[in-house]
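>>> What follows is a predicted structure for the sequence shown.
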Amino acid sequence: MFTNVIQPRFSETDALGHINNNTYGIWFEAARESIYKIFIPDLDAKKFNLIMAHCSYDFLAEVFFGKEVIIKTIVEKIGNSSFNLAHAVYQDGHLCTTSKSVMIHFNHQKKKSVIIPEHIREELEKNIYTHSWPVKLQDLNT
């Protein structure tokens, strides 16, 4: 499991005073950086070999400017060339937003998916969370 702490910016709010729903994509991409480093340790964009095939969000409660946000990221499942991630956003200890995504290990020159190498699979497996997800923040090691 990966943990990211984000300080919401004023510019991420909308006319209703809470964090705009378009902001979450940026936050979740930042939360995936640890996953990216498993595949591309130096994060060299020319070597980038992942694409997103799916992404969905569930907005459960408003998130506000001025209070830190904790994002927990887990690996849910690993396939031959793809893997599923889940994110959970917490503010003030409350679960506010969840996200699911499917990432594909991809060869951009051949325009096709490729098998995840064993050494990378082993690193991903270290972050599989087998319990019910999402959970209350206080039930997780923060």
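Okay, I see it.

>>> Okay, now the unreliable bits of this protein?
Low-confidence segments of the chain (pLDDT under 70): 136-142.

>>> can you give me the helices for it?
In the chain, the helices defined using DSSP state H lie at 23-31, 33-39, 118-125.

>>> which stretch among the ones you listed comes nearest residue 2?
In terms of CB to CB, the element of the helices of the chain nearest to residue 2 is helix 33-39, at 4.6 Å. (Each C-beta comes from the backbone N, C-alpha and C, glycine too.)

>>> Could you tell me which other helices and strands that closest one packs against?
strand 69-78, helix 118-125 (3 or more CB pairs under 8 Å, 6 or more residues apart in numbering; DSSP states H and E).

>>> what does that helix rub up against?
For helix 33-39, the external contacting residues (CB atoms under 8 Å, 6 or more residues apart in numbering) are 2, 43, 48-50, 73, 75, 85, 103, 105, 120, 123-124.

>>> Distance to residue 10 for those residues - can I get that in a markdown table?
Below are the contacts of helix 33-39 laid out as a markdown table (distance: CB to CB, whole Å):
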| residue | distance to residue 10 |
| --- | --- |
| 2 | 26 |
| 43 | 28 |
| 48 | 31 |
| 49 | 36 |
| 50 | 31 |
| 73 | 25 |
| 75 | 33 |
| 85 | 28 |
| 103 | 31 |
| 105 | 37 |
| 120 | 38 |
| 123 | 37 |
| 124 | 36 |
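
>>> Report the buried members of those residues.
Listed as buried from the contacts of helix 33-39 are 2, 50, 73, 75, 85, 103, 105, 120, 123, 124; burial here means 16 or more other CB atoms under 10 Å.
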